[in-house]
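*Asks:* no letters, just coordinates:
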């Protein structure tokens, strides 16, 4: 199974398969230990049963992760094509799911240019003000207090906004100072912003 990086097309399908295999393996191990312990001792009261019970804890955590990703839908090819065409050479990502205490928000497409972070979510139930504030707070804490976050529920205005930013990208980058991060010296400022957003995504 070829690895698909977070933020790229096909990530959700890949993660569903990967997390399913990991979860199955994590449940199989304690089950195997239990069967071995019971077969050898003819009783459930043995150390292998105890270890098997403890082994179910990380397996259950993995199951929660699997359930969360199973609830997400892959992005349609047509939408991906439109988003990529609009973004052009801008720093961009697709198929993200931002996590928050109150609500997980699928973000089918986003771009980063200068201090502009523009996102598109198909989820009509999303509280735009809340998710924009949540993303802004995360970026501020991580050293990007001037980032301006805009989330769209409708695709057309998102594509128009991205197209405008792409055509005027130097204007949006003008005057922004940046010192490379010692942990990720190879990343540009915009790539660091995207990297930070990856940290709050499934």
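*Replies:* That came through, no problem. What you are looking at is a predicted structure, and each value in this text was computed from that prediction instead of being measured.

*Asks:* the nearest residue to residue 125 once chain neighbours are set aside: neighbour count?
*Replies:* Spatially, and ignoring its direct neighbours in sequence, residue 125 is nearest to residue 103 (7.7 Å; CB to CB, 6 or more residues apart in numbering). (Each C-beta comes from the backbone N, C-alpha and C, glycine too.) Neighbourhood size, residue 103 [other CB atoms under 10 Å]: 14.

*Asks:* next, the contact list for residue 103, please.
*Replies:* 125-127, 130-131 (CB atoms under 8 Å, 6 or more residues apart in numbering).

*Asks:* buried only: go through these for me.
*Replies:* Applying 16 or more other CB atoms under 10 Å to those, the neighbour count classes 126, 131 as buried.

*Asks:* taking the contacts of residue 103 one by one, which sit in helices?
*Replies:* Among these, DSSP state H puts 130-131 in helices.

*Asks:* could I get the contacts of residue 103 as TSV with pLDDT?
*Replies:* Output for the contacts of residue 103, formatted as TSV (pLDDT from 0 to 100):
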residue	pLDDT
125	86
126	86
127	88
130	91
131	91
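
*Asks:* and which of the contacts of residue 103 is nearest to residue 7?
*Replies:* Sorting the contacts of residue 103 by how near they are to residue 7, with CB to CB, puts residue 131 at the top with 17.2 Å.

*Asks:* tell me the domain boundaries of this structure?
*Replies:* Following automatic domain parsing, the chain resolves into domains at 11-70, 77-198.

*Asks:* quick one: closest of those to residue 5.
*Replies:* Per CB to CB, nearest to residue 5 of the domains of the chain: domain 11-70, 7.0 Å.
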